[in-house]
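Peer 1: quick one, what's the 3D model for this:
(one chain, ligands or ions: 2)
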Amino acid sequence: MSDIAAVKAAARKAAFARRAEDHRRLGAVVAPALTRLAEALDGAGGPVAVYWPIRTEIDPRPVLKDLSTQTCLPVVPGPDQPLRFRTWSDGDAIEPASFGVPVPATGDWLRPRTLIVPLLAFDRRGYRLGYGGGFYDRTIAELSGLHPLRCIGFAYDAQEVEAVPVEATDLPLDLIVTPTRTIRVG
Ligand SMILES: Nc1nc2c(c(=O)[nH]1)N(C=O)[C@@H](CNc1ccc(C(=O)N[C@@H](CCC(=O)O)C(=O)O)cc1)CN2
Ligand SMILES: Nc1ncnc2c1ncn2[C@@H]1O[C@H](COP(=O)(O)OP(=O)(O)OP(=O)(O)O)[C@@H](O)[C@H]1O
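Peer 2: Ligands and ions are numbered 1, 2, ... in the order given. The predicted structure is shown next:
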């Protein structure tokens, strides 16, 4: 394992534990966080992608009811590939997929202009640490080459770290929303 991979692996382990504490304390659906997320999405370009929370991720799905744009969920097409996105609204059928993440069973494929991004750890520069697939980095690289893209990290406060370990392919988020703060990057 390269040095940076080992540093990221250790940072993931610590971040899992901190995220789990806030998840236990606050639950997955956190009303003040959803209010901030709705504010951050006011006027945002659609389609908007959320995520189906797994493990102890904070739940962004209730924000969709306030949106008038098309909304979608990510699908992993395969290793080392960018994510694809399939239209989804509350109540639409989902099915189990790779990594235990449910995905829409049917629906059009969309190219989102706004991504709500799950994460394990973030820093004030907008860098994030995920589960290590590199899926969001590849997706941000691809979509931002096609049209303007806004990326909003959604997280508990305990997920903030001083500096996320970064490598050349890591791309910063534009905004991070937590239950108590909206952090604008840059
Ligand atoms: N809720 C949610 N949906 C998401 C993501 C996410 O981070 N959160 N993704 C973000 O990319 C994509 C799914 N990618 C994922 C990649 C790895 C693992 C995972 O659990 N990995 C294992 C190691 C698996 C292995 O190597 O066998 C782990 O972390 O223990 C989960 C989701 C798309 N959908
Ligand atoms: N755009 C890219 N092109 C090629 N390789 C990439 C790209 N983005 C990331 N990678 C590679 O993917 C691997 C995992 O990346 P990283 O550790 O940043 O994942 P992550 O952000 O934690 O996971 P995820 O985005 O899936 O939540 C790294 O080895 C990285 O070099």
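Peer 1: neighbours around Arg18, how many?
Peer 2: 18 (other C-beta atoms under 10 Å). (Glycine included, C-beta is placed from N, CA and C.)
Peer 1: kindly report the same for Val101.
Peer 2: 17.
Peer 1: relative to Ala40, how far out is the residue of the chain at minimum distance from ligand 2?
Peer 2: Relative to ligand 2, the nearest point of the chain is Gly130 (1.8 Å; C-beta to the nearest ligand atom). Separation of Gly130 from Ala40 (C-beta to C-beta, to the nearest Å): 20 Å.
Peer 1: and those two? Which one has more around it.
Peer 2: For Gly130 versus Ala40, the count of surrounding residues by other C-beta under 10 Å is larger for Ala40: 21 against 18.
Peer 1: per-residue pLDDT, the more buried one?
Peer 2: With respect to pLDDT, Ala40 scores 98.
Peer 1: pretty sure it is touching Val177, no?
Peer 2: Yes: the pair Ala40 / Val177 is scored as a contact, 5.4 Å apart, by C-beta atoms under 8 Å.
Peer 1: quickly list what's touching both of these two.
Peer 2: Applying C-beta atoms under 8 Å, 6 or more residues apart in numbering, one finds that Ala40 and Val177 are jointly contacted by Ile152.
Peer 1: surely Pro32 and Arg181 touch.
Peer 2: No: with contact defined as C-beta under 8 Å, Pro32 does not reach Arg181; the gap is 10.2 Å.
Peer 1: okay, buried residues for stretch 133-151 please.
Peer 2: For stretch 133-151, the neighbour count (16 or more other C-beta atoms under 10 Å) marks 134-140, 143, 149-151 as buried.
Peer 1: restrict these to those near ligand 2?
Peer 2: Counting by C-beta under 6 Å from any ligand atom, 134-138 from the buried residues of stretch 133-151 sit close to ligand 2.
Peer 1: Ile183 falls within a strand, correct?
Peer 2: Yes: using DSSP: H, G, I helix; E, B strand; the rest coil, the secondary structure at Ile183 is a strand.
Peer 1: that one and Leu175 touch, don't they?
Peer 2: Yes: with contact defined as C-beta under 8 Å, Ile183 reaches Leu175; the gap is 6.8 Å.
Peer 1: and Arg124, how many neighbours?
Peer 2: Around Arg124 there are 14 residues (other C-beta under 10 Å).
Peer 1: quick revisit: and the buried residues of stretch 133-151, which two are the farthest apart?
Peer 2: Using C-beta to C-beta, the buried residues of stretch 133-151 reach their maximum pairwise distance at Gly134 and Arg150, which is 20.4 Å.
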